[in-house]
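Q: Let me see the structure of the following:
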Amino acid sequence: MRLLALALSVALAGPALAQNSSMDVGPQALDLRYQPGDAAALLAAFDGTVTSVGFYGSTAAFSGFYGSQTTLTSPTGVSVGGFDVSLGGNVHVVPLGARGSLYVPLRFQVGSRYLSGDGAPGDPTDDMAVLLGGADLGTGLGAVLDVPLREGGAVERLHSYGTVVLGAGFSGDYAMSFPGDTPDPGAYGMRTATVMLQSEARGLFGSSVGASLGYTFRAAQLDTEAIDSGAGVFNAFTGSNFRSAETSHLIRVGLIF
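A: Residues are numbered from 1 along each chain as shown. A predicted model of the protein is given here:
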């Protein structure tokens, strides 16, 4: 699953690389919860640190991650892998002089998570494997600032941008194996909040290479009422009973090509 997530990130990275993006790596604190629908108890979870690798640009981002942890309860070992893709554009609405602007980001976001655990080695009835996936459309507010520096210096210019995007869409789950009764697959309304901040030093020592430092926060909530009809796809906009399904904090450093 780790190789699949990273391969998908690389395969989808073409458009981001075309816009002078950065290739980043860093630790990601992930709190992922599997509690589908109106289930009274948390069925599975991962709360730890994963390693993330991705490509980040002003209008697109692609990343894959993987991590594992040991728990004191069954399953005693839990692993998680996944990927996130964000595509869209920016509508610049307020110029900040010649060096920047405020803009409205428009984003289509899709992601997947694979959560697995082994409750008792050698006993397949205690294995756990759950596939989660979701997609949403979002918008919000962003800003970009580009500051030229002294010609001939170590850094040609500083380029920084940040976006806050609120999204609405849907999420689905499929439990491939589970101790005891395996939950039925389901789909639910989803609400997301994503913050991405990026600061870049471009043109290092007269070259086309740069360095980047970034931070990404993501939170997702799911409706406790399953989508059971065509009208149910609007649950993300109209539903009222949402619970936290995921939060993550990613600090990353990278290179610009």
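Q: From here on, just use CA atoms for contacts and neighbour counts.
A: Will do.
Q: Contacts only, for residue 245.
A: 32, 33, 34, 35, 219, 220, 221, 222 (C-alpha atoms under 8 Å, 6 or more residues apart in numbering).
Q: State the pair within these that is farthest apart.
A: 35 and 219 (15.5 Å; C-alpha to C-alpha).
Q: Adding distance to residue 65, write the contacts of residue 245 out as JSON lines.
A: Listed next are these as JSON lines, based on distance: C-alpha to C-alpha, whole Å:
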{"residue": "32", "distance to residue 65": "13"}
{"residue": "33", "distance to residue 65": "16"}
{"residue": "34", "distance to residue 65": "18"}
{"residue": "35", "distance to residue 65": "21"}
{"residue": "219", "distance to residue 65": "16"}
{"residue": "220", "distance to residue 65": "17"}
{"residue": "221", "distance to residue 65": "20"}
{"residue": "222", "distance to residue 65": "22"}
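Q: Show me which of these are buried.
A: Neighbour-count burial (16 or more other C-alpha atoms under 10 Å) is assigned, among these, to 32, 33, 34, 35, 219, 220, 221, 222.
Q: What segments of the stretch 101-250 of the chain are helices?
A: 235-238 (DSSP state H, counting those that start in this stretch).
Q: Might you list the low-confidence residue ranges for it?
A: The stretch 101-250 of the chain contains residues with pLDDT under 70 at 119-125, 230-231.
Q: just the strands in it please.
A: For the stretch 101-250 of the chain, strands defined by DSSP state E, counting those that start in this stretch occupy the ranges 127-148, 155-177, 186-204, 210-226, 242-256.
Q: Nearest to residue 64 among those strands would be which one?
A: Across these, closest to residue 64 is strand 242-256 (C-alpha to C-alpha), at 11.8 Å.
Q: what angle do that closest one and strand 210-226 make?
A: In terms of direction (axes from the mean of the first three to the mean of the last three C-alpha atoms, to 10 degrees), strand 242-256 departs from strand 210-226 by 160 degrees.
Q: Report the angle between strand 242-256 and strand 186-204.
A: Between strand 242-256 and strand 186-204, the angle comes out at 20 degrees (the same axes, to 10 degrees).
Q: And for the closest residue to residue 135 other than its chain neighbours, the neighbour number?
A: Spatially, and ignoring its direct neighbours in sequence, residue 135 is nearest to residue 110 (4.2 Å; C-alpha to C-alpha, 6 or more residues apart in numbering). Residue 110 has 19 neighbouring residues, counting by other C-alpha atoms under 10 Å.
Q: check contacts around residue 110.
A: 84, 85, 86, 133, 134, 135, 136.
Q: Now do the SS call for the most centrally placed residue in the chain.
A: By C-alpha atoms, centre = their mean, the chain has its centre lying nearest to residue 84, at 4.5 Å. Three-state call for residue 84 (DSSP: H, G, I helix; E, B strand; the rest coil): strand.
Q: That's all I had, so thanks and see you.
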